[in-house]
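K.L.:
when you get a sec, could you give me coordinates for this:
(one chain, ligands or ions: 1)
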Amino acid sequence: MKNPDLLLPIRIYGDEVLRQKAVEVTVFDSELREFARKLAYTMYERDGVGLAAPQVGRSIRMFVFDHQWTREGHSKSPVFVINPVIESMAGESVGEEGCISIPEIYAKVPRASTITYTYQDLDGVLHRETATDYPAIVFQHEFDHLDGILFTDKVSDLTKLKLKRKLRELAATTVDGINIRAYDPD
Ligand SMILES: [Zn+2]
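P.N.:
Residues are numbered from 1 along each chain as shown. Next up, the predicted model:
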């Protein structure tokens, strides 16, 4: 069932918040939990497998991901990642990526194929995990958002050239550093 109260507006390419270095989360309270609920709801509504807090205009080191989710299949099992640190990276994996903040643009991005990372959950409890291939790629994509890095920064020079005009068109709707795409949830 749709709940517009849980749907957060998405910041689009050109918005300054997408380029900021996000700050650490220090308070793990009910407000953070409520924000997490909205972040996950918005990710699923937008058919995403990951969504970082800066993408909804909140510059804190937090994201949600659910690499197994598809609208048709899998049940929802969102993982909330707070204050992540990537401890090690190995191998290489190149896959096509997209981003909720950069609509209708997809490109191949080189990533590490295996990463080991730590993060805190919504209770502030520390976890250490290793991911390989697709979940590792999703994690790196979301992690980059916390440092103001977008996947289009990491593509080949030729692809950058190809995307230049489309990106400029997206950024053209930015007003006073804010670029929110209206969303009509049918
Ligand atoms: Zn993204």
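
K.L.:
from here on, just use CA atoms for contacts and neighbour counts.
P.N.:
Noted.

K.L.:
what are the boundaries of the helices in this protein?
P.N.:
Under the criterion DSSP state H, helices of the chain are mapped to 30-45, 134-145, 157-171.

K.L.:
dump those to CSV, plus mean neighbour count and mean pLDDT.
P.N.:
What follows is those, written out as CSV (neighbours: other CA atoms under 10 Å; pLDDT from 0 to 100):
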stretch, mean neighbour count, mean pLDDT
helix 30-45, 18, 96
helix 134-145, 21, 97
helix 157-171, 13, 96
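
K.L.:
list the contacts for residue 24?
P.N.:
Contact analysis of residue 24 by CA atoms under 8 Å, 6 or more residues apart in numbering lists 60, 61, 83.

K.L.:
how about stretch 118-132: buried residues?
P.N.:
118, 119, 120, 121, 122, 124, 131, 132 (16 or more other CA atoms under 10 Å).

K.L.:
which one of these is nearest residue 98?
P.N.:
In terms of CA to CA, no member of the buried residues of stretch 118-132 lies closer to residue 98 than residue 132, at 18.9 Å.

K.L.:
next one: the closest one from residue 83, what distance?
P.N.:
Relative to residue 83, residue 132 is positioned 20 Å away (CA to CA, to the nearest Å).

K.L.:
also residue 23?
P.N.:
9 Å.

K.L.:
okay, these two: which has more neighbours?
P.N.:
residue 83 (21 against 14; other CA atoms under 10 Å).

K.L.:
so that one touches residue 119, yeah?
P.N.:
Yes: assessed by CA atoms under 8 Å, residue 83 is found in contact with residue 119 at 5.5 Å.

K.L.:
burial count for residue 174?
P.N.:
Going by other CA under 10 Å, the residues that sit close to residue 174 add up to 18.

K.L.:
kindly apply the preceding question to residue 151 instead.
P.N.:
21.

K.L.:
confidence score at residue 98?
P.N.:
Residue 98 is assigned a pLDDT of 96 by the prediction.

K.L.:
pretty sure it sits against residue 105.
P.N.:
Yes: counting by CA under 8 Å, residue 105 is a contact partner of residue 98 at 6.1 Å.

K.L.:
any stretches of this protein with poor pLDDT?
P.N.:
1, 69-71, 73, 182-186 (pLDDT under 70).

K.L.:
next up, the contacts around the residue lying closest to residue 7 once chain neighbours are set aside.
P.N.:
Nearest-residue entry for residue 7: residue 42, 5.1 Å, with adjacent residues in sequence omitted and distances by CA to CA, 6 or more residues apart in numbering. Shown in contact with residue 42 (CA under 8 Å, 6+ apart): 6, 7, 8.

K.L.:
same thing with residue 20?
P.N.:
59, 146, 147, 148.

K.L.:
ramachandran coordinates for the residue nearest to residue 134 when sequence neighbours are not counted?
P.N.:
Once flanking residues are discounted, residue 134 sits nearest to residue 67: 7.3 Å by CA to CA, 6+ apart. Dihedral pair for residue 67: phi -70, psi -10, per degrees, to the nearest 10.
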